[in-house]
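1. Generate coordinates for the sequence data below:
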Amino acid sequence: MYRYTNHARKRMLSRGISEEEIHNAVENGDLEFTKKDEIGRGTEYTHSFESKENYPRKIMVGWTYDKNDILIMTVYEVKRKSRQI
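-> Coordinates of the predicted model:
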């Protein structure tokens, strides 16, 4: 089961990121990095996922395991800079 921190919910709303996109990132995305959580929840994972359904974009999801749940801590969209020729 997925749970969301208040921070993650605020970021989802402000950035227009859906639960479906988050689930896709966690379940099917590429692992970008891991680190030990400073609050003591264990290991944090950050997965990226390129969504092409609504419009092309790449999102990152920071999450950890919380007992039997997946706790989503933050989400954001990776902004790509266009290359200047």
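2. how about low-confidence regions in the protein?
-> For the chain, the stretches with pLDDT under 70 are 37-41, 52-55, 80-85.
3. Which elements pack onto the helix or strand where F33 lies?
-> Assessed by DSSP states H and E, F33 sits inside strand 30-36. Here strand 30-36 touches strand 43-51, going by 3 or more C-beta pairs under 8 Å, 6 or more residues apart in numbering; DSSP states H and E. In this view, the C-beta of every residue, glycine as well, is placed from N, C-alpha and C.
4. ok, 10 Å please
-> Contacts defined by 3 or more C-beta pairs under 10 Å, 6 or more residues apart in numbering; DSSP states H and E place strand 30-36 against strand 43-51, strand 57-66.
5. Let me know which of those strands is tucked in deepest.
-> Of all the helices and strands packed on strand 30-36, strand 57-66 has the most neighbours on average by mean count of other C-beta atoms under 10 Å, namely a mean of 19.
6. What strands flank that strand, and is each parallel or antiparallel?
-> strand 43-51 (antiparallel), strand 69-78 (antiparallel) (DSSP bridges).
7. Relative to G16, which of those is closest?
-> Of all the strands paired with strand 57-66, strand 69-78 sits nearest to G16, with 8.3 Å by C-beta to C-beta.
8. Can you say which of the strands paired with strand 57-66 is nearest to R15?
-> strand 69-78 (5.7 Å).
9. Now K58: closest residue in space, sequence neighbours ignored.
-> Once flanking residues are discounted, K58 sits nearest to V78: 4.3 Å by C-beta to C-beta, 6 or more residues apart in numbering.
10. any idea how far that neighbour is from N68?
-> Distance, V78 to N68, by C-beta to C-beta, to the nearest Å: 30 Å.
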